[in-house]
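# Here is a sequence together with a model predicted from it:
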There are 4 protein chains.
Amino acid sequence: MSTLVTPVQVMFFDTDAGGVVHNIAYLRFIETARTLLAVKLGMDWDYMRRTSVYPVVVRTEIDYRRPAVLGDELEVHGRLGEATPARFWCHFEIRRPRDSSLLITCQQALAFVKMPEGRPLRLPKGWPSPFLPEVSQSQSSRPSTDSQLPI
Amino acid sequence: MSTLVTPVQVMFFDTDAGGVVHNIAYLRFIETARTLLAVKLGMDWDYMRRTSVYPVVVRTEIDYRRPAVLGDELEVHGRLGEATPARFWCHFEIRRPRDSSLLITCQQALAFVKMPEGRPLRLPKGWPSPFLPEVSQSQSSRPSTDSQLPI
Amino acid sequence: MSTLVTPVQVMFFDTDAGGVVHNIAYLRFIETARTLLAVKLGMDWDYMRRTSVYPVVVRTEIDYRRPAVLGDELEVHGRLGEATPARFWCHFEIRRPRDSSLLITCQQALAFVKMPEGRPLRLPKGWPSPFLPEVSQSQSSRPSTDSQLPI
Amino acid sequence: MSTLVTPVQVMFFDTDAGGVVHNIAYLRFIETARTLLAVKLGMDWDYMRRTSVYPVVVRTEIDYRRPAVLGDELEVHGRLGEATPARFWCHFEIRRPRDSSLLITCQQALAFVKMPEGRPLRLPKGWPSPFLPEVSQSQSSRPSTDSQLPI
């Protein structure tokens, strides 16, 4: 599984009165990168609409190492990581090519969730190939045994 | 119809690298004020869920007169304004009591829209009393004649 | 002066529980488009840092015609419009090429402001060519006569 | 050190097309709660302006346990946690009193940073009492030895 690189340029609304990018804005950059990574893996909006299965963030860990400033051209490097039966991790780095600096590292754990009942689905055997859970009728009626999962 | 005053304090994420509140943040303040105004008038989330009728912003006009800064304690003054058969206006001022200054004036036109078909509803006779459209079966099947309205 | 077209794809964080793009998100799309338009016209972050002159939004008018939904690929069409001695207008349309629909029309009035004193600058003679105000020492010490302008 | 409880009501702009609060919105709730906690501890905007010392988030860990929905009245419970010489932790829970549910748990590590040079300051002896770093001239000229810290 290779890394997907998403470019982003820092706008005024990404910064705050401290003169640097606000800590929440980096998470918006990562949301976009993760969505495009999911699309690349086959989980596009069409799949979500058709199956009512959504990838849901259940945990985020983010380290703020160096700040970006107004106008910076950044890159979000995203890749799929390890998995348990119920969740998988994505790893992100935000880098600034101009000075080769690493600004942000972030890991997010995600689960596949069947809406609207909010039932978590198990990852398919052999994951990440196939990446997407098979959404069968029988699976839909199986009660969830993973009660710690959100939603 | 009296004015509803909603207090708001400026946070870091409301400001930008220019050292002042970003122009989009004021619109979030106004969204909150308008939602609380709607609740006061009877359009709460329960009504929306039960009837699938939502108030939808169809036009915003906003003048940025003076900037707010980090930590400012502001007031959003909101009130209901005039109406046509298909839409009504809300008026807002954002004021800073500390120096009695008027920072923002804003008008928003709204329509009542029946979801998910996105059909605009007419304002009830005698509006704003009653404020809410009656959502009857016969009205639901009447074709819309107001094709300029959004959604 | 030609039109600058900025592509944008609708992410989860742009939508709301009504199932459509939230009215504030369109203004973020327009912010990005306007910033890139300004860069094209010579007002990049370098110019701003060097001169402490910033383009500031003083009025926004926006009409919400049709809603965008999750995953939509949109285009923001932005162009420079008419001017008075103290402010100039930018015009925007947000279009969805998939069904050739016009979703949003928007006009924004901007002023050039010298920070941190917040003094508005006059547009240069012959504007928009040259687009940028000349920032001279003598002009810097001239008192402002345009007291209605913000900041 | 007691817990500060900050109320928040879920607005449309906090939700997404999945029908629940977007994962980034909870972090905005937490930003507001942490800012009010800092003010309570003496680090208000006045202190920041006077000393150019800012509390900066260097790491966030957040677990999304259950989703909030439109109109929910939530509480953010925030309290100060443990510290190392260079950083301290804040702990947050987002709760929904209506059904006594715990939606979110979050920890954030913060450092005191002297701007604009971005130099991290050590926590004062006896922290959290006194909570704020003493900003002396001699300390200002001491070179930083904590090179992993951001900014």
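Received, thanks. Numbers count the residues shown, from 1 in each chain, chains lettered A, B, ... in the order given.
# Can you mark which positions in the helix or strand hosting residue A:47 are buried?
Per DSSP states H and E: residue A:47 is located in helix A:45-51. Counting neighbours by 16 or more other CB atoms under 10 Å in any protein chain shown, one finds that the buried residues in helix A:45-51 are A:45, A:47-48, A:51. The way it works is simple: take the backbone N, C-alpha and C, and place the C-beta from them, glycine included.
# Flag every buried residue along stretch A:88-106.
Those buried within stretch A:88-106 under the rule 16+ other CB under 10 Å are A:88-90, A:92-96, A:103-106.
# which non-adjacent residue is nearest residue A:130?
Distances taken as CB to CB, 6 or more residues apart in numbering or on different chains put residue A:124 closest to residue A:130, at 5.2 Å, once the chain neighbours are dropped.
# my bad, should have said residue A:15
Distances taken as CB to CB, 6+ apart place residue B:17 nearest to residue A:15, at 3.8 Å, with adjacent residues excluded.
# just residue A:3 next, same as before
residue A:79 (4.4 Å).
# Partner strands of the helix or strand hosting the one you found, with direction?
In this assignment (DSSP H and E), residue A:79 forms part of strand A:73-83. Partners of strand A:73-83 in the sheet, by DSSP bridges, are strand A:4-9 (antiparallel), strand A:88-96 (antiparallel).
# for the ones you listed, which one sits closest to residue C:10?
Evaluated over the strands paired with strand A:73-83, closeness to residue C:10 peaks at strand A:4-9, with 15.6 Å, by CB to CB.
# same question for that closest one, mean pLDDT?
Mean pLDDT, strand A:4-9: 98.
# That one: which residues count as buried?
A:4, A:6, A:8-9.
# Run the chain-centre distance for that strand.
Distance, stretch centre to chain centre, for strand A:4-9: 14 Å (CA atoms, centre = their mean, to the nearest Å).
# next structured bit after it?
As assigned by DSSP H and E, the chain's next helix or strand after strand A:4-9 is helix A:23-40.
# which intervals of chain A have sub-threshold pLDDT?
Low-confidence segments of chain A (pLDDT under 70): A:1, A:136-151.
# quick check: longest strand of it.
strand A:101-114 (DSSP state E).
# List the strands paired with it, with their directions.
Using DSSP bridges, the strands paired with strand A:101-114 are strand A:53-64 (antiparallel), strand A:88-96 (antiparallel), strand A:119-121 (antiparallel).
# Check the offset of it from the chain's centre.
The answer for strand A:101-114 is 5 Å, by CA atoms, centre = their mean.
# now the angle between helix A:23-40 and that strand, please.
Angle between the axes of strand A:101-114 and helix A:23-40 is 60 degrees (criterion: axes from the mean of the first three to the mean of the last three CA atoms, to 10 degrees).
# Quick one: residues contacting the spatially most central residue of chain A.
A centroid search over chain A (CA atoms, centre = their mean) returns residue A:34, at 3.8 Å, as the residue closest to the centre. Neighbour list for residue A:34: A:78, A:90, A:92, A:108 [criterion: CB atoms under 8 Å, 6 or more residues apart in numbering or on different chains].
# Compile those into a markdown table and extend it with columns for distance to residue C:68.
Converted to a markdown table, the contacts of residue A:34 look like this (distance: CB to CB, whole Å):
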| residue | distance to residue C:68 |
| --- | --- |
| A:78 | 24 |
| A:90 | 26 |
| A:92 | 26 |
| A:108 | 26 |
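# Tell me which two in these are the farthest apart.
A:78 and A:108 (9.5 Å).
# and for those two, which residues touch both?
Contact criterion CB under 8 Å, 6+ apart; residues shared by residue A:78 and residue A:108: A:30, A:34, A:90, A:92.
# for the residues you listed, which one is nearest residue A:120?
residue A:90 (16.9 Å).
# shouldn't residue A:51 be in contact with residue A:135?
Yes. Using CB atoms under 8 Å, residue A:51 is in contact with residue A:135, at 4.7 Å.
# so what's in contact with these two at the same time?
residue A:114.
# Pairing partners for the residue nearest to residue A:3 in the sheet, please.
Judged by DSSP bridges, the bridge partners of residue A:79 are residue A:91.
# which residues touch it?
A:1-4, A:37, A:90-91.
# list the buried ones in the strand holding residue A:79?
Neighbour-count burial for strand A:73-83 flags A:74-78, A:80 (criterion: 16+ other CB under 10 Å).
# same check, this time on stretch A:111-125
A:111-115, A:118-123.
# Now do the same contact list for residue A:2.
Going by CB under 8 Å, 6+ apart, residue A:2 touches residue A:79.
# List the contacts of the closest residue to residue A:133 other than its chain neighbours.
Leaving aside its chain neighbours, residue A:133 sits nearest to residue A:121 (4.5 Å; criterion: CB to CB, 6+ apart). By CB under 8 Å, 6+ apart, the residues touching residue A:121 are A:53, A:111-114, A:133, A:135, A:139.
# hmm, try it at 7 Å
Neighbour list for residue A:121: A:53, A:112-114, A:133 [criterion: CB atoms under 7 Å, 6 or more residues apart in numbering or on different chains].
# Bridged to it, which residues?
Going by DSSP bridges, residue A:121 is paired in beta bridges with residue A:112.
# just to revisit the earlier point, quick one: which of the buried residues of helix A:45-51 is nearest residue C:59?
Nearest to residue C:59 among these, with distances taken as CB to CB, is residue A:45, at 35.0 Å.
# residues touching the closest one, list them.
Counting by CB under 7 Å, 6+ apart, residue A:45 has contacts C:70-71.
# now the strands paired with strand A:73-83 as a markdown table including distance to residue D:61?
Formatted as a markdown table, those follow (distance: least, CB to CB, whole Å):
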| stretch | distance to residue D:61 |
| --- | --- |
| strand A:4-9 | 23 |
| strand A:88-96 | 14 |
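# These: which one's closest to residue A:62?
Of all the strands paired with strand A:73-83, strand A:88-96 sits nearest to residue A:62, with 8.4 Å by CB to CB.
# In CSV, list the C-alpha atoms belonging to the closest one.
C-alpha atoms of strand A:88-96 as CSV (Å, rounded to 0.1, in the frame of the first residue of the first chain):
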residue,chain,number,x,y,z
PHE,A,88,-7.9,0.0,11.1
TRP,A,89,-5.4,2.8,11.4
CYS,A,90,-4.4,5.5,9.0
HIS,A,91,-1.1,7.4,9.3
PHE,A,92,-0.5,11.0,8.3
GLU,A,93,2.4,13.4,8.1
ILE,A,94,2.1,17.0,7.1
ARG,A,95,5.3,18.2,5.5
ARG,A,96,6.5,21.6,4.1
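# any idea how far that strand is from the chain center?
Distance, stretch centre to chain centre, for strand A:88-96: 9 Å (CA atoms, centre = their mean).
# try stretch A:31-42
With CA atoms, centre = their mean, you get 7 Å for stretch A:31-42.
# buried set for it?
Neighbour counts over stretch A:31-42 (16+ other CB under 10 Å) mark A:31-39, A:41 as buried.
# and which of those is nearest to residue B:128?
residue A:31 (39.4 Å).
# residues in contact with the closest one?
Counting by CB under 7 Å, 6+ apart, residue A:31 has contacts C:11-13, D:24.
# In these, find the pair that's most separated.
So, the contacts of residue A:31 by CB to CB: farthest apart are C:11 and D:24, at 10.4 Å.
# Leaving out sequence neighbours, find the closest residue to residue A:89.
Distance criterion CB to CB, 6+ apart; nearest residue to residue A:89, sequence neighbours excluded, is residue A:81 at 3.8 Å.
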